[in-house]
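Novice: Turn this into a model:
(2 chains)
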Amino acid sequence: KNEVEQSPQNLTAQEGEFITINCSYSVGISALHWLQQHPGGGIVSLFMLSSGKKKHGRLIATINIQEKHSSLHITASHPRDSAVYICAVRWGAGSYQLTFGKGTKLSVIP
Amino acid sequence: DTGVSQDPRHKITKRGQNVTFRCDPISEHNRLYWYRQTLGQGPEFLTYFQNEAQLEKSRLLSDRFSAERPKGSFSTLEIQRTEQGDSAMYLCASFPTGGRTTNEQFFGPGTRLTVL
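Specialist: Numbers count the residues shown, from 1 in each chain, chains lettered A, B, ... in the order given. Sure, this is the predicted structure:
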């Protein structure tokens, strides 16, 4: 069964801390997405990766294809970063389906 | 507002009734997804359209669920004979034509369905 696992499930950090959220998947993929979901449900796409590393502001996403693992890092965390962060993968070239992790709930305390 | 819109935002219905949701994607986006999200879980894929063609459906999509995108623009998702287990947030996302490894999805605000 193709699975996506995220860790940790919940994360509380002090403002300013460096944060890492992890995503592992079971078989080869064609692309991996990192998404942010705020209370109330709105989802924003942060990154789409198929290899290497991407950076946008204080957010950095990396992927290791051989290890089947991706990380989302937040530098100098801020209370406004509090949200659920979701990893989603597209398994192969022949499928458009995305499989999502359960999400990591991040709370950044001032 | 040029984002993805969904209507209605909230729907409360009685078990056994039919409901229909609408998604209006970003106008130049030819690809459209429907997802379902229950409390505390990540979204689950339901179906995918490229223009008006429904190219992929999840096994989760029972015969009570049907989706259309008749002119390749807006899409509708209908649930017939609703059950309490259908209570969830129904999300729509669109993204443009282009290299499959470079696109990001733009999500609508969702329709929250409550089946009593």
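
Novice: And the pLDDT at the closest residue to chain B within chain A?
Specialist: Distance from chain B to each residue of chain A (C-beta to the nearest C-beta) is smallest for A:F100, at 3.4 Å. Placement of C-beta: from N, CA and C, glycine included. pLDDT for A:F100: 93.

Novice: In the sheet, which residues pair with it? Tell me.
Specialist: Judged by DSSP bridges, the bridge partners of A:F100 are A:A88.

Novice: ditto for B:F65
Specialist: Following DSSP bridges, B:F65 is listed with bridge partners B:I79.

Novice: So which bits of chain A are right by chain B?
Specialist: Within reach of chain B by C-beta under 8 Å from any C-beta of the partner chain, chain A has these residues: A:4, A:30-31, A:33, A:35, A:41-45, A:47-48, A:50, A:86, A:88, A:93, A:95-103.

Novice: And these, which of them are buried?
Specialist: Listed as buried from those are A:4, A:31, A:33, A:35, A:41, A:43, A:45, A:47-48, A:86, A:88, A:96-101, A:103; burial here means 16 or more other C-beta atoms under 10 Å in any protein chain shown.

Novice: how deep is residue 110 tucked in, by neighbour count?
Specialist: I went with chain A, as the question did not name one. If you count neighbours by other C-beta atoms under 10 Å in any protein chain shown, A:P110 ends up with 7.

Novice: right idea, wrong chain: chain B
Specialist: Other residues within reach of B:G110, judged by other C-beta under 10 Å, total 25.

Novice: before we move on, what about the one 5 residues further on?
Specialist: With neighbours defined by other C-beta under 10 Å, the count for B:V115 comes to 19.

Novice: quick one: contacts of stretch A:28-37?
Specialist: Under the criterion C-beta atoms under 8 Å, 6 or more residues apart in numbering or on different chains, residues A:23, A:25, A:43-50, A:61, A:63, A:65, A:68, A:70, A:72, A:83-93, A:98, A:103, B:100-101, B:104-105, B:107 lie in contact with stretch A:28-37.

Novice: In helices, which of the residues you listed fall?
Specialist: Nothing among the contacts of stretch A:28-37 maps onto helices, per DSSP state H.

Novice: which ones among those are found in strands?
Specialist: A:23, A:25, A:43-49, A:61, A:63, A:70, A:72, A:83-90, A:98, B:107 (DSSP state E).

Novice: circling back to that earlier point, ok, the residue of chain A closest to chain B - contacts?
Specialist: Listed by C-beta under 8 Å, 6+ apart, the contact set of A:F100 reads A:4, A:86-88, B:42-45.

Novice: switch to 10 Å and redo it
Specialist: Contact analysis of A:F100 by C-beta atoms under 10 Å, 6 or more residues apart in numbering or on different chains lists A:4, A:6, A:33, A:35, A:86-89, B:35, B:37, B:41-45.

Novice: Equivalent analysis for A:A88, please.
Specialist: A:4, A:23, A:25, A:29, A:31-35, A:45, A:48, A:97-101, B:35, B:42-43, B:45, B:105 are the contacts of A:A88 under C-beta under 10 Å, 6+ apart.

Novice: That one and A:G28: what is the separation?
Specialist: 15 Å (C-beta to C-beta, to the nearest Å).

Novice: got it, and A:L49?
Specialist: Applying C-beta to C-beta, the value for A:L49 to A:G28 is 14 Å.

Novice: go on, A:S70?
Specialist: Counting by C-beta to C-beta, the separation of A:S70 from A:G28 is 13 Å.
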